[in-house]
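Engineer: Sequence first, then the predicted structure:
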Amino acid sequence: MLNFNENINLIVKNYKGTESIKNGNLFKISGLYYTSGIENLISDVNSVNSLSKNINKFIHGNWGEICKEDIIENEERLKEGNMLLGSYKINDKKIWIIADSTNIPQERKITVLLPSEY
């Protein structure tokens with residue numbers, strides 16, 4: 001089993017502080033947080049890679065497996081600086097990625113969690 005903290009720290013280091021202007025990111029990430037359910041889910045290299053890819057999709061505006069109405073709502077929330085939601089799968093388990101606004105425009109803190117932990 002991988003050391004989760006070491007691997008999540010690599011992901012955090014990779015994304016924290018990314019600029020919205022660079023690489024087509026929609027916003028700057030001020031922090032990346034995760035729940036114990038995600039810690040338990042991330043157990044091998046493939047799941048770490050999957051989490052990283054899903055975060056990358058999210059910050060580029062691919063909201064994953066959400067309905068059309070939620071996609072439209074995310075696009076409006078992005079303009080207004082409100083919370084964003086993405087839904088993805090890792091090891092056939094649904095995860096959510098939520099981006100909450102901060103006091104700085106165009107900056108968000110991201111939390112990765114299981115839907116049951118919301």
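Structural biologist: Perfect, I can see it now.
Engineer: ranges for the strands of this structure?
Structural biologist: Under the criterion DSSP state E, the chain carries strands at the ranges 28-34, 84-90, 93-101, 107-113.
Engineer: For the second one, what is the distance to the chain centroid?
Structural biologist: When you say that, I think you mean strand 84-90. With C-alpha atoms, centre = their mean, to the nearest Å as the basis, strand 84-90 stands 7 Å off its chain's centre.
Engineer: buried sites along it?
Structural biologist: Within strand 84-90, the residues that qualify as buried are Leu84, Leu85, Gly86, Ser87, Tyr88, Ile90, counting by 16 or more other C-beta atoms under 10 Å. Where you see a C-beta, it was placed from the backbone N, CA and C, and this is true even at glycine.
Engineer: give the contact list for the nearest residue to Met83 once chain neighbours are set aside.
Structural biologist: Using C-beta to C-beta, 6 or more residues apart in numbering and skipping the chain neighbours, the partner closest in space to Met83 is Asp100 (5.4 Å). Taking C-beta atoms under 8 Å, 6 or more residues apart in numbering, we find Asp100 in contact with Met83, Arg108, Lys109, Thr111.
Engineer: go on, Asn74?
Structural biologist: Residues in contact with Asn74 (C-beta under 8 Å, 6+ apart) are Trp63, Ile66, Leu84, Leu85, Gly86.
Engineer: Need the max-distance pair from those.
Structural biologist: Using C-beta to C-beta, those reach their maximum pairwise distance at Ile66 and Leu84, which is 10.2 Å.
Engineer: Hmm, Leu51 is touching Val112, no?
Structural biologist: Yes: using C-beta atoms under 8 Å, Leu51 is in contact with Val112, at 6.9 Å.
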